[in-house]
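Chemist: Need coordinates for the below:
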Amino acid sequence: MAPNYSFGRQWSQRRGCGPPYPAVSPYHKSWIQMAVIILIISCWIPLAAAISLDGSPRSTETTLLIDTRIPIFVDGQWHIMSEDEHRQLVRRLPETQTIEINVATATALPTTTSTVATGPLPTPFDGALAANFSGDDGGGSCPDFIEKFLADPTFQQCYPISLLLKGSNAFFQAMRSLVKITQVLDQSCKADKQSCTNYLNDLASQLTSSENCGEDFEKQNALVVQAYKGMKAYAEIYGATCLTDPDTSAYCFANAVTNLTTPSNVYLYNLPFNSTLPENALPACNYCTSETMKIYQAAAADRKKWIASTYVGAATKIDSECGSNFVSAALPEALPDNAATSIAQAPSLLMLSLLFMAISRWII
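Modeler: Numbers count the residues shown, from 1 in each chain. Okay, here's the model as predicted:
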């Protein structure tokens, strides 16, 4: 009778023909399990750390500006003006700019009378690309990138008011005319808000990358910082500037920039750029003010937005002038810090989890 060796069980036959293969002993099996678990943990930790870091707000986006004056772009240069200086500047407009127009024409409603534009629509950074960029002779990848996205058909279709507010001499000139500024708003407000928000958020990431304008952004180049703020604040600026008064069907923003009786309403449109209301600014207690603040309050749920830092102070000041609870002075419930990041990283987490499950079934 042949001896029954204990190691005979260490071999198993494949189905069909072919040589036998050795089965994994319990001793080696435990070491394989341990190695796989360590490998998975080593992959998971950097991913979790990246999500945590990316979800935390930048301190530079939550710092309030101390200077309460308003920046005005005049003749290709930025000027810091007080409210009184800004009012005097507007009052120096030539009389030929004062026109009488009905609401239907101002809001571009269908009428028998058409309004013809007096020239091309304003563009961001018109004549201002000679900024002091990094690189040889102020050139390099940054100005090339800016010129490229300005010529991008998608950017032109979005026509973001937020970038015009941050740097366009022609836009400042357009604000002198109710007809002209209405034409600008018509063009901007017909864009799809959500798709343009996604596009400009992605463009902001490209802008600050080292391959494009990262170095200039770190050096706080004025034009690059203005472009970045305009891209990141697009959604709330779109909502505020495209808001219309139901009684007149006119744009609230158009009324604010052309109405000399309540010039303080203009300052509301600087809040999303991390600017506070000037001490002596008293916005009108009307529909446009309350609805604009509602738009800002909703946007402040994302604590990484600048409006989350400026909203409460502005709302408190408006309530002190217009009465308690004219607008809500409280921030809404905050979105999870890493909500956007978690969604973006969901495919990676899913694939890693599936890999873990598959390997677990194989080694058990």
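
Chemist: check contacts around residue 193.
Modeler: The neighbourhood of residue 193, defined by C-beta atoms under 8 Å, 6 or more residues apart in numbering, consists of 235, 238-239. Using the backbone N, CA and C atoms, a C-beta is placed for each residue, glycine as well.

Chemist: Against residue 222, how distant is it?
Modeler: Counting by C-beta to C-beta, to the nearest Å, the gap from residue 193 to residue 222 is 27 Å.

Chemist: what do you get for residue 296?
Modeler: Plainly put, residue 296 is 25 Å away from residue 222 if you go by C-beta to C-beta.

Chemist: And the two? Which one has more around it.
Modeler: Under the neighbour definition other C-beta atoms under 10 Å, residue 296 and residue 222 were set side by side, and residue 296 has more, 24 against 15.

Chemist: how far does stretch 260-275 stretch from start to finish?
Modeler: The straight-line separation of the ends of stretch 260-275 (C-alpha to C-alpha, to the nearest Å) is 22 Å.

Chemist: pLDDT of that stretch, averaged?
Modeler: Taken as a whole, stretch 260-275 carries a mean pLDDT of 88.

Chemist: what comes up buried for it?
Modeler: By neighbour count, with 16 or more other C-beta atoms under 10 Å as the criterion, the buried positions of stretch 260-275 are 262-275.

Chemist: For the residues you listed, give me a markdown table that also has distance to residue 178 and secondary structure.
Modeler: Listed next are the buried residues of stretch 260-275 as a markdown table, based on distance: C-beta to C-beta, whole Å; DSSP: H, G, I helix; E, B strand; the rest coil:
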| residue | distance to residue 178 | secondary structure |
| --- | --- | --- |
| 262 | 15 | coil |
| 263 | 15 | helix |
| 264 | 18 | helix |
| 265 | 14 | helix |
| 266 | 14 | helix |
| 267 | 19 | helix |
| 268 | 18 | helix |
| 269 | 16 | helix |
| 270 | 21 | helix |
| 271 | 23 | helix |
| 272 | 23 | helix |
| 273 | 24 | helix |
| 274 | 29 | coil |
| 275 | 25 | coil |
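
Chemist: between the residues you listed, which is nearest residue 200?
Modeler: Within these, distances to residue 200 taken as C-beta to C-beta reach their minimum at residue 272, with 13.0 Å.

Chemist: Is it correct that residue 184 is in contact with residue 124?
Modeler: No - with contact defined as C-beta atoms under 8 Å, residue 184 does not count as touching residue 124 (12.0 Å).

Chemist: Show me the shaky parts of the stretch 151-300 of the chain.
Modeler: Under the criterion pLDDT under 70, no range of the stretch 151-300 of the chain is flagged.

Chemist: And the helices in it?
Modeler: Ranges of helices in the stretch 151-300 of the chain, per DSSP state H, counting those that start in this stretch, are 153-158, 161-165, 169-174, 178-189, 193-207, 214-218, 222-232, 234-241, 252-258, 287-299.

Chemist: tell me what the third one is packed against?
Modeler: Counting contacts by 3 or more C-beta pairs under 8 Å, 6 or more residues apart in numbering; DSSP states H and E, helix 169-174 packs against strand 70-74, helix 178-189.

Chemist: For that helix, buried residues please.
Modeler: In helix 169-174, residues buried by neighbour count (16+ other C-beta under 10 Å) are 169-174.

Chemist: if I pick residue 230, what's in contact with it?
Modeler: Under the criterion of C-beta under 8 Å, 6+ apart, the contact list for residue 230 reads 124, 160, 162-167, 237.

Chemist: quick revisit: export the helices of the stretch 151-300 of the chain as a markdown table, with columns for distance to residue 333.
Modeler: Compiled in a markdown table, the helices of the stretch 151-300 of the chain are given as follows (distance: least, C-beta to C-beta, whole Å):
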| stretch | distance to residue 333 |
| --- | --- |
| helix 153-158 | 29 |
| helix 161-165 | 25 |
| helix 169-174 | 35 |
| helix 178-189 | 29 |
| helix 193-207 | 21 |
| helix 214-218 | 31 |
| helix 222-232 | 21 |
| helix 234-241 | 17 |
| helix 252-258 | 27 |
| helix 287-299 | 11 |
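
Chemist: so which of these comes closest to residue 334?
Modeler: With C-beta to C-beta as the measure, helix 287-299 is the member of the helices of the stretch 151-300 of the chain nearest residue 334 (12.1 Å).

Chemist: after that closest one, next one along is what?
Modeler: On the C-terminal side of helix 287-299, the closest following helix or strand by DSSP states H and E is helix 307-322.

Chemist: Quick one: residues in contact with that next one.
Modeler: The set of residues external to helix 307-322 that reach it, using C-beta under 8 Å, 6+ apart, is 61-64, 233, 236, 268, 271-272, 274-277, 281-283, 285, 289, 293, 296-297, 299-302, 325-331.

Chemist: List only buried entries from these.
Modeler: In terms of neighbour count (16+ other C-beta under 10 Å), the buried residues within these are 233, 236, 268, 271-272, 274-277, 281-283, 289, 293, 296-297, 299-300, 302, 326-327, 329, 331.

Chemist: returning to what we had before: I'd like to know which of the buried residues of stretch 260-275 is nearest to residue 147.
Modeler: Using C-beta to C-beta, residue 273 is the member of the buried residues of stretch 260-275 that lies nearest residue 147, at 23.3 Å.

Chemist: Roughly how far does residue 288 sit from residue 256?
Modeler: Here the criterion is C-beta to C-beta. By it, residue 288 lies 7 Å from residue 256.
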